[in-house]
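**Student:** just need the structure, nothing else, for what follows:
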Amino acid sequence: MSAIGGHIQSADWKAEKHVPVIEVKGPVKKGEPFQVQLSVGAEIAHPHTTEHHIRYIQFYFKPEGEKFIVHLGTFNFEAHGESAEGPNTGSAKCEPKVTATITLEKPGELVALSYCNIHGLWDNSEKVSLA
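**Tutor:** Residues are numbered from 1 along each chain as shown. Next up, the predicted model:
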């Protein structure tokens, strides 16, 4: 296992609020765009406070039969209720939820990593077949 691999947490997203959720919208067809919704806290809400929040979700694709993973995107969540008046007094917070549109040429596995500023890195994956 790689050095970073030993620091990534995994669990069932229905029972753990830190695990990124990967939801594929619609059938996936070779060469055609489709949407993937990424979120954290789908079943059990994750706090969105200055002190405890999700900082980012990274999104990858591991093509079937290939050695290397493809980085699809990093989605940063920058506002956590902070302001000059103090923690949790700000006028805006980011929800750790994003929709990405991607196109695949072969089946494989979608992988997401989420980072909680208190509880570290968490991962999840979802196999994708092409129709």
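**Student:** what sits against the residue nearest to Gln35 when sequence neighbours are not counted?
**Tutor:** Computed as Cβ to Cβ, 6 or more residues apart in numbering, the closest residue to Gln35 that is not its neighbour in sequence is Lys25, at 4.2 Å. Any C-beta I mention is one placed from the backbone N, CA and C, and that applies to glycine too. Neighbour list for Lys25: 34-37, 99 [criterion: Cβ atoms under 8 Å, 6 or more residues apart in numbering].
**Student:** next one, pLDDT for the residue nearest to the spatial centre of the chain please.
**Tutor:** When Cα atoms, centre = their mean is applied to the chain, the residue found nearest the centroid is Ile57 (3.9 Å). According to the predicted model, the pLDDT of Ile57 comes to 97.
**Student:** tell me which element it falls in.
**Tutor:** Secondary structure assignment for Ile57, by DSSP states H and E: strand 54-63.
**Student:** packing partners of that strand?
**Tutor:** strand 34-40, strand 70-76, strand 97-102, strand 108-116 (3 or more Cβ pairs under 8 Å, 6 or more residues apart in numbering; DSSP states H and E).
**Student:** which one of the contacts of Lys25 sits in the busiest neighbourhood?
**Tutor:** Taking other Cβ atoms under 10 Å as the neighbour criterion, Val36 ranks highest of the contacts of Lys25 with 21 neighbours.
**Student:** surely it touches Val24?
**Tutor:** Yes: counting by Cβ atoms under 8 Å, Val36 touches Val24, with 5.6 Å between them.
**Student:** which neighbours do the two share?
**Tutor:** Common neighbours of Val36 and Val24 (Cβ under 8 Å, 6+ apart) are Leu110.
**Student:** around Cys116, how many other residues sit close by?
**Tutor:** 20.
**Student:** what residues are up against it?
**Tutor:** Cys116 neighbours (Cβ under 8 Å, 6+ apart): 18, 40, 46, 52-55, 122.
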